[in-house]
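Asks: 3D, please:
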Amino acid sequence: MDIEAQIKALEEEIKRTPYNKATEHHIGRLKAKLARLREEAEKRRKKGGGVQFSIKKEGDATVVLVGFPSVGKSTLLNVLTGAKSEVADYNFTTLKPVPGMLEYKGARIQIVDVPGLIEGASKGRGRGKEVISAIRTADMILLVVDVFNLHQIDVLKKELYEGGIRLNQRPPDVTIKKKERGGIKITSTVPLSIGEDTIMEILREYRTHNADVLIREDVTIERLIDAIQGNRVYIPSLTVVNKIDLMDVDVEGDDVVCISAQNRVNLDVLVERIYEKLEFIRIYLKPPGGKADEEPLIMRRGAKVEDVCRKLHRGMLESFRYAKVWGKSVKFQGQRVGLDHVLEDGDVLTIYA
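Replies: Reported below is the predicted structural model:
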């Protein structure tokens with residue numbers, strides 16, 4: 001039985017098996033094996049070569065428009081950035097990534113329209129695997145649907161999930177340290193819903209027989225597998241419902257914005273939500289002995305001094321000696337810090353190189 005047939009058989013068995021405490025161990029093993037086989041199939045596909053999509057990232061962050069063909073992604077890109085992505089009423093108008101630049105509150109936000117996804121994209125339909133591979137590099141994803149096809153929201157989320165993209169999630173708080181001997185030792189700081197025998201069986205499926213496992217959340221089988229594989233990407237997203245001028249629609253959710261790209265309805269709301277979701281911070285650079293710049297450097301929350309050096313000039317990392325910081329991220333003003341210091345919004349930074 002080839003690898004694709006094995007994957008299909010496992011998917012069917014998981015569907016047939018009811019989930020309960022008695023079957024948890026069995027389902028955990030099946031899901032672990034399924035995830036491992038999918039990863040193996042993907043590696044084989046990449047070895048086979050072929051044309052790949054890629055996104056050349058520019059600006060302070062990259063936002064990718066993801067949706068079925070003909071939902072208005074190209075129109076949205078054009079009105080947000082002034083780009084000239086081809087607009088037409090037939091499918092697959094966009095055949096390669098088309099970028100544009102949105103400038104807002106001092107931030108340069110790259111918006112990229114990629115070829116449309118369809119159901120089955122994660123399995124290769126419509127060059128879906130190549131498109132999803134490009135999407136994985138995004139800093140943020142906009143799921144774009146129109147008012148007549150709201151069911152596409154769940155389809156898109158499923159295809160991205162199968163492609164290893166986790167929307168609006170944080171990485172599982174699980175640490176796995178492999179060792180040469182001693183078996184598997186599981187330590188948890190919270191009560192767990194899945195049993196230790198299930199956790200151990202999943203680890204063994206990945207040929208991990210000796211490891212110290214520290215779990216700090218009530219992890220599910222799926223998130224445990226994500227932690228073991230370590231190749232998932234965690235990307236913030238918003239769902240954009242387009243063409244609301246054509247039909248009244250009530251879509252609830254904190255991460256949903258209803259717009260009309262054609263008539264420019266609610267675009268100001270969408271741009272503000274994009275800015276908020278990207279969690280930008282402003283860093284003011286101050287030359288040694290001089291005054292701080294009036295124009296801030298735009299970074300993402302969690303940025304370190306190292307990230308600032310890399311953004312300014314890669315050579316600065318090689319000649320870096322130390323930095324001084326004034327602001328909320330330090331205990332006292334003008335504190336001397338290293339490359340791994342995490343900055344906060346409004347910090348003033350002097351780099352000594």
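Asks: center of this structure, which residue is that?
Replies: Closest residue to the average C-alpha location of the chain: residue 235 at 2.1 Å, with CA atoms, centre = their mean.
Asks: Dig out what it forms beta bridges with.
Replies: The partner list for residue 235 in beta bridges (DSSP bridges) reads residue 167.
Asks: The one 4 residues further on now?
Replies: Beta-bridge pairing for residue 239 (DSSP bridges): residue 143, residue 256.
Asks: any idea how far it is from residue 256?
Replies: 5 Å (CB to CB, to the nearest Å). All C-beta atoms are positioned from the backbone trio N, CA, C, and that covers glycine.
Asks: So the residue nearest to the centre of the chain sits against residue 139, correct?
Replies: Yes: between residue 235 and residue 139 a contact is recorded at 7.3 Å, counting by CB atoms under 8 Å.
Asks: what about the helices in the protein?
Replies: In the chain, the helices defined using DSSP state H lie at 3-16, 24-47, 73-81, 128-135, 152-162, 196-205, 221-229, 267-277, 305-312, 315-319.
Asks: Out of those, which is the most enclosed?
Replies: helix 73-81 (a mean of 23; mean count of other CB atoms under 10 Å).
Asks: OK, contacts around the residue nearest to residue 277 when sequence neighbours are not counted?
Replies: Excluding its sequence neighbours, the residue lying closest to residue 277 (CB to CB, 6 or more residues apart in numbering) is residue 236, at 5.0 Å. Residue 236 makes contact with 139-141, 167-168, 277-279 under the criterion CB atoms under 8 Å, 6 or more residues apart in numbering.
Asks: These, buried ones only, as a PyMOL selection?
Replies: In PyMOL, a selection of the buried entries from the contacts of residue 236 looks like this (16 or more other CB atoms under 10 Å):
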select buried, resi 139+140+141+167+277+278+279
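Asks: what's the closest of the contacts of residue 236 to residue 37?
Replies: Minimum separation from residue 37 among those (CB to CB) is found for residue 167, which lies at 23.6 Å.
Asks: Quick one: residues contacting the closest one.
Replies: 141, 143, 157, 160-161, 235-237.
Asks: swap in residue 203?
Replies: 176, 184, 209, 211, 213, 228.
Asks: Just the buried ones from those residues?
Replies: 176, 184, 211, 213, 228.
Asks: Just the ones of the contacts of residue 203 in strands?
Replies: Among the contacts of residue 203, DSSP state E puts 176, 184, 211, 213 in strands.
Asks: which two in those are spaced the farthest apart?
Replies: 176 and 184 (9.5 Å).
Asks: For the two, list the residues in contact with both.
Replies: With CB under 8 Å, 6+ apart as the test, residue 176 and residue 184 both reach 203, 208, 211, 213.
Asks: Distance-wise, check the third one relative to residue 181.
Replies: What it means is residue 211. For residue 211, the distance to residue 181 - CB to CB - is 11 Å.
Asks: cool, and the last one?
Replies: Residue 213 sits 15 Å away from residue 181, taking CB to CB as the criterion.
Asks: one step back: between residue 239 and residue 256, which has more neighbouring residues?
Replies: Neighbour totals were compared for residue 239 and residue 256, and residue 239 leads with 21 against 14 (other CB atoms under 10 Å).
Asks: What separation is there between that one and residue 71?
Replies: According to CB to CB, residue 239 stands 12 Å off from residue 71.
Asks: So for these two, which residues contact both of them?
Replies: What both residue 239 and residue 71 touch, as defined by CB under 8 Å, 6+ apart, is the set residue 145.
Asks: Lowest-scoring secondary structure element of this structure by mean pLDDT?
Replies: For the chain, counting by mean pLDDT, DSSP states H and E, helix 24-47 ranks last in confidence among helices and strands (a mean of 79).
Asks: mind listing what the spatially closest residue to residue 174 that is not a sequence neighbour touches?
Replies: Closest residue to residue 174 apart from its sequence neighbours, by CB to CB, 6+ apart: residue 227 at 3.8 Å. Taking CB under 8 Å, 6+ apart, we find residue 227 in contact with 171-172, 174, 176, 219.
Asks: Now flag whichever of those residues is closest to residue 323.
Replies: Closest to residue 323, out of all of the contacts of residue 227 and judged by CB to CB, is residue 171, at 27.6 Å.
Asks: wait, doesn't the closest one sit right on residue 231?
Replies: No: using CB under 8 Å, residue 171 is not in contact with residue 231; the gap is 11.3 Å.
Asks: Between those two, tell me which one has more neighbours.
Replies: Counted by other CB under 10 Å, residue 171 and residue 231 do not tie: residue 171 has more neighbours, with 13 against 10.
Asks: got a pLDDT number for the residue nearest to the more buried one when sequence neighbours are not counted?
Replies: Spatial nearest neighbour of residue 171, excluding adjacent residues (CB to CB, 6+ apart): residue 234 at 5.5 Å. Looking at residue 234, its pLDDT is 96.
Asks: so where's this protein shaky on pLDDT?
Replies: Low-confidence segments of the chain (pLDDT under 70): 1, 45-52, 84-95.
Asks: Relative to the centre of it, find the outermost residue for me.
Replies: In the chain, the greatest distance from the average C-alpha position (CA atoms, centre = their mean) is reached by residue 289, at 40.1 Å.
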